[in-house]
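Engineer: Quick one, structure for this:
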Amino acid sequence: MRPPKEPLLDRFLRYVKIDTRSDENSSSCPSTAKQWDLLRLLHEELLALGLKDATIDENGYVFATVPSNLPPEQTTKVPIVGFIAHVDTAPSITGTHVKPIVHKNYQGGNIALPGDATQIIRTTEYPNLEKMYRGMDIVTSDGTTLLGADDKAGVAEIMTAVDLFLQNPEIPRGMVKIGFTPDEEIGRGADRFDVKRFEASVAYTMDGGPLGEIEYETFNAFSATITFDGVGVHPGYAKNKLVNAIRMAGDFITRLPREMSPEMTESREGYLHPYVLQGQSETVTLRLLLRDFEMAGIERQKAIVEAIAEEVRGLYPKGKVAVEVKESYRNMRYQVEKEPRLVEYAEEAIKRIGVKPNHTIIRGGTDGARLSYMGLPCPNLFAGGEAIHSTLEWVPVQVMEKAAETIVRLAEIWAERSATRQ
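Structural biologist: Residues are numbered from 1 along each chain as shown. Next comes the predicted model:
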């Protein structure tokens, strides 16, 4: 395969220097004006690469098409495949003035980040460094900011794949759709994603972790809002009258099963997580996350929450406890399994780049989960980043290059397997 005109690393370094942190307290889309800087740049770069239909809409979503190189009668037989990445970075750590550092030919040991002597990427915490990536070039920040590999690695990989498509026209492909989105880190990346306008039948998000990973299972995600209404009375005259909503909330929280907390669960174990507590003695609102890979687990968690609420009502008969449960997203496995070629072809593409596929689960959310229920089944593939959402974030250059090649091979496999179908 002929290399891209522009090395992937050059693209990646250019992108991570653009501050794109999202803001969950903003109601605009994108949630921060600075995300437009990268979104507009990507739009311009896609046009410069020759993708004449590249667009950027009023909400910042960038879409483009890599045309099929198959005869028309074969093109119509190949599902349109999309590749998607998000431009925003996590709001919790600064992404201003990122100073990326390339540690060439890494040969093992801890990596100390020069901007902050306390920031050390330790192999005991990140064993993949030595186990998988010796001899590779590792990119980090200087330790004072995020790097932004989540998900600018995915962005750079998709842009490089577009370049590779154009440099290697002999590799068969059907029509390929490209999508870049804002605000994934605050859970809004799919909110204004126009699936119909995107036109893909299936897609992949390039937003995963280590080399070879395929993810198509997420939590089923629900949230519960519990409102405690007490009875307000001057505390000096409160005997047999006052009902303190703070104490009501405290009694509720202490009854949540400790073994079902996030800090005590792993793998496929679900959890109940109180994460927001607001109010004063008359009214308190508690917000809970309910997470489980199976809907039966979610139903058990709902029952636990309702049972605790009923118990607290019994303790405070003059008070009120109201429970409201809402769905956030569901396990995308239920949708992805309806199109088994998505995972089968991803496995084959990863094998073609000389890597063993590795199935992992996502103990969190992804735009792909939402998109899968919007009619676009969308598993997640490796992008290479580790220690994401922290100043220790790192990514190997050669893994990003393998991810870009995986995109090309995926398009090739969809074309090979579909174009000849009767």
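Engineer: which residues of this structure fall in helices?
Structural biologist: Under the criterion DSSP state H, the chain contains helices at 8-16, 35-48, 72-75, 128-132, 149-167, 195-198, 245-254, 295-315, 333-336, 341-352, 367-372, 397-419.
Engineer: May I have the beta-bridge partners of the closest residue to residue 262 other than its chain neighbours?
Structural biologist: Once flanking residues are discounted, residue 262 sits nearest to residue 271: 4.6 Å by C-beta to C-beta, 6 or more residues apart in numbering. For every residue, glycine as well, the C-beta is placed using N, CA and C. Beta-bridge partners recorded for residue 271 (DSSP bridges): residue 291.
Engineer: Pretty sure residue 271 sits against residue 297.
Structural biologist: No. Counting by C-beta atoms under 8 Å, residue 271 sits too far from residue 297 to count as a contact (9.9 Å).
Engineer: circling back to that earlier point, ok, now how distant is the residue nearest to residue 262 from residue 289?
Structural biologist: 7 Å (C-beta to C-beta, to the nearest Å).
Engineer: Counting neighbours, go ahead and name the busier of these two.
Structural biologist: Set residue 271 next to residue 289 and count neighbours by other C-beta atoms under 10 Å: residue 271 wins out with 22 against 18.
Engineer: Looking at the helices of the chain, spot the one closest to residue 104.
Structural biologist: Ranking those by proximity to residue 104 (C-beta to C-beta) places helix 397-419 first, at 8.9 Å.
Engineer: Could you list the buried residues of that closest one?
Structural biologist: Buried residues in helix 397-419, defined by neighbour count with 16 or more other C-beta atoms under 10 Å: 397-415, 417-419.
Engineer: Now the helices of the chain in TSV, please, with extra columns for mean pLDDT.
Structural biologist: What follows is the helices of the chain, written out as TSV (pLDDT from 0 to 100):
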stretch	mean pLDDT
helix 8-16	98
helix 35-48	98
helix 72-75	94
helix 128-132	97
helix 149-167	98
helix 195-198	98
helix 245-254	98
helix 295-315	98
helix 333-336	95
helix 341-352	98
helix 367-372	92
helix 397-419	96
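Engineer: Deepest-packed of these, please.
Structural biologist: Highest mean neighbour count among the helices of the chain (mean count of other C-beta atoms under 10 Å): helix 367-372, with a mean of 28.
Engineer: Once you drop chain neighbours, what's closest to the residue nearest the centre of the chain?
Structural biologist: The C-alpha lying nearest the average C-alpha coordinate of the chain belongs to residue 366 (C-alpha atoms, centre = their mean; 3.9 Å). Distance criterion C-beta to C-beta, 6+ apart; nearest residue to residue 366, sequence neighbours excluded, is residue 380 at 5.4 Å.
Engineer: what does residue 55 give?
Structural biologist: That would be residue 63: by C-beta to C-beta, 6+ apart, it lies 5.5 Å from residue 55.
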